[in-house]
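> Structure for this input, please:
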Amino acid sequence: MKSVYFQILLVGIMLTFSYESYAGKKECQSYADKLRNVQSQQRQGQGLKRSKNLNKQEKVARKKWWQCERGLLKKVKGNHKKKQRNIAVNIHQPLSATLSRDIKKGSSKPFQTSAPVVIKSRYQGKQLQAWLQYYQQPKKCLRPKTTRQFAYCVENRRTQQLAFEKGERTIIVE
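Model prediction:
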């Protein structure tokens with residue numbers, strides 16, 4: 001009977017001391033989370049290119065996590081700041097990934113002027129009233145479902161505007 005109690009006590013002590021090794025180090029938790037995140041993305045099913053990219057990310061994340069678990073990663077000082085990068089922007093080139101990320105974060109101002117934006121209608125006063133009476137929007141243009149329909153609606157509106165400005169009173173509706 002004593003040996004049963006002794007075995008239960010021994011198992012309890014072993015579980016208490018082995019919990020830290022089972023759970024992993026606290027400072028390595030972020031690396032483990034990153035690895036789990038990449039693995040969950042892999043399970044969702046991707047295209048070939050995205051799948052290869054996720055495999056590379058998983059390799060890197062697993063390597064960092066394992067290095068952290070073994071204590072091979074360099075300690076990072078707690079008082080470090082990220083360096084700010086000055087990016088020269090060429091207006092005629094598409095946005096790079098880093099620049100678009102900066103814009104999403106709100107680090108750059110969307111407008112360089114503080115002047116108010118004024119939006120005016122193409123027609124004013126009585127001419128606007130006449131245009132609103134003249135323009136007949138096709139039913140499929142209320143909520144276009146495809147870009148082809150949207151293009152049709154824009155073109156239809158433009159042709160009706162040209163006809164309105166010429167003074168023709170024929171209504172173009174399809």
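> ok, and Gln127, which helix or strand is that part of?
Assessed by DSSP states H and E, Gln127 sits inside helix 125-134.
> CA atoms only for the helix or strand following that helix, dumped as CSV, please.
Using DSSP H and E, the next helix or strand after helix 125-134 towards the C-terminus is helix 147-166. Extracted in CSV, the C-alpha atoms of helix 147-166 (Å, rounded to 0.1, in the frame of the first residue of the first chain):
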residue,chain,number,x,y,z
THR,A,147,-17.7,45.5,-64.5
ARG,A,148,-19.2,45.0,-68.0
GLN,A,149,-22.5,46.2,-66.7
PHE,A,150,-20.9,49.1,-64.9
ALA,A,151,-19.0,50.1,-68.0
TYR,A,152,-22.3,50.0,-70.0
CYS,A,153,-23.9,52.2,-67.4
VAL,A,154,-21.2,54.8,-67.5
GLU,A,155,-21.2,54.8,-71.3
ASN,A,156,-25.0,55.1,-71.3
ARG,A,157,-24.9,58.1,-69.0
ARG,A,158,-22.2,59.7,-71.1
THR,A,159,-24.2,59.3,-74.3
GLN,A,160,-27.3,60.7,-72.6
GLN,A,161,-25.3,63.7,-71.4
LEU,A,162,-24.0,64.3,-74.9
ALA,A,163,-27.5,64.1,-76.3
PHE,A,164,-28.8,66.4,-73.5
GLU,A,165,-26.1,69.0,-74.3
LYS,A,166,-26.9,68.9,-78.0
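> got the angle for helix 147-166 vs helix 125-134?
130 degrees (axes from the mean of the first three to the mean of the last three CA atoms, to 10 degrees).
> How about helix 147-166, which residues are buried there?
By neighbour count on 16 or more other CB atoms under 10 Å, the buried set for helix 147-166 is Tyr152, Cys153, Asn156, Gln160, Phe164. Any C-beta I mention is one placed from the backbone N, CA and C, and that applies to glycine too.
> who's in contact with Gln39?
Gln39 is in contact with Glu58, counting by CB atoms under 8 Å, 6 or more residues apart in numbering.
> Report pLDDT for it.
At Gln39, the predicted lDDT confidence score is 88.
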